[in-house]
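Chemist: Sequence plus the predicted model coming up.
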Amino acid sequence: MEFKEVVKQIEKSEENVDKVLKAGRLERHEKTPMSEEMLIHILNYAVGTLAMVMGFAALYMIIYFMGN
């Protein structure tokens with residue numbers, strides 16, 4: 001394939017996407033980056049889960065070594 005053919009195929013696919021969206025009465029929306037608040041919630045959830053797992057592991061180790 002030549003470069004010009006590839007460019008034509010890309011242009012045709014863009015036109016087809018617009019036709020499909022128009023038929024479905026949809027619009028293109030630009031992707032927005034994740035908000036800081038959402039990132040903070042996700043990181044807090046991950047840190048909380050990690051803290052609980054490590055806390056249970058520490059408790060298990062304490063009970064295990066006290067039994068020896």
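Modeler: Thanks, I have the structure now.

Chemist: what's the weakest-modelled helix or strand in the protein?
Modeler: helix 3-23 (a mean of 77; mean pLDDT, DSSP states H and E).

Chemist: For the lengthiest helix in the chain, what is the distance to the chain centroid?
Modeler: Longest helix in the chain, counting residues (DSSP state H): helix 36-66. When distances are taken as CA atoms, centre = their mean, to the nearest Å, helix 36-66 is centred 22 Å away from the chain's centroid.

Chemist: do the same with stretch 33-51
Modeler: Using CA atoms, centre = their mean, the offset of stretch 33-51 from its chain centre is 13 Å.

Chemist: pull the CA atoms of it into PDB?
Modeler: Only the C-alpha atoms of stretch 33-51 are listed here, as PDB (Å, rounded to 0.1, in the frame of the first residue of the first chain):
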ATOM      1  CA  PRO A  33      -8.700  13.400  32.100                       C
ATOM      2  CA  MET A  34      -9.600  12.000  35.400                       C
ATOM      3  CA  SER A  35     -10.300  14.600  38.000                       C
ATOM      4  CA  GLU A  36      -8.100  15.000  41.000                       C
ATOM      5  CA  GLU A  37     -10.900  14.100  43.400                       C
ATOM      6  CA  MET A  38     -11.500  10.800  41.600                       C
ATOM      7  CA  LEU A  39      -7.800  10.000  41.700                       C
ATOM      8  CA  ILE A  40      -7.700  10.800  45.400                       C
ATOM      9  CA  HIS A  41     -10.700   8.500  46.100                       C
ATOM     10  CA  ILE A  42      -9.100   5.600  44.100                       C
ATOM     11  CA  LEU A  43      -5.700   6.000  45.900                       C
ATOM     12  CA  ASN A  44      -7.400   6.200  49.300                       C
ATOM     13  CA  TYR A  45      -9.300   3.000  48.600                       C
ATOM     14  CA  ALA A  46      -6.100   1.200  47.500                       C
ATOM     15  CA  VAL A  47      -4.200   2.400  50.600                       C
ATOM     16  CA  GLY A  48      -7.000   1.400  52.900                       C
ATOM     17  CA  THR A  49      -7.300  -2.000  51.400                       C
ATOM     18  CA  LEU A  50      -3.500  -2.500  51.700                       C
ATOM     19  CA  ALA A  51      -3.500  -1.300  55.300                       C
END
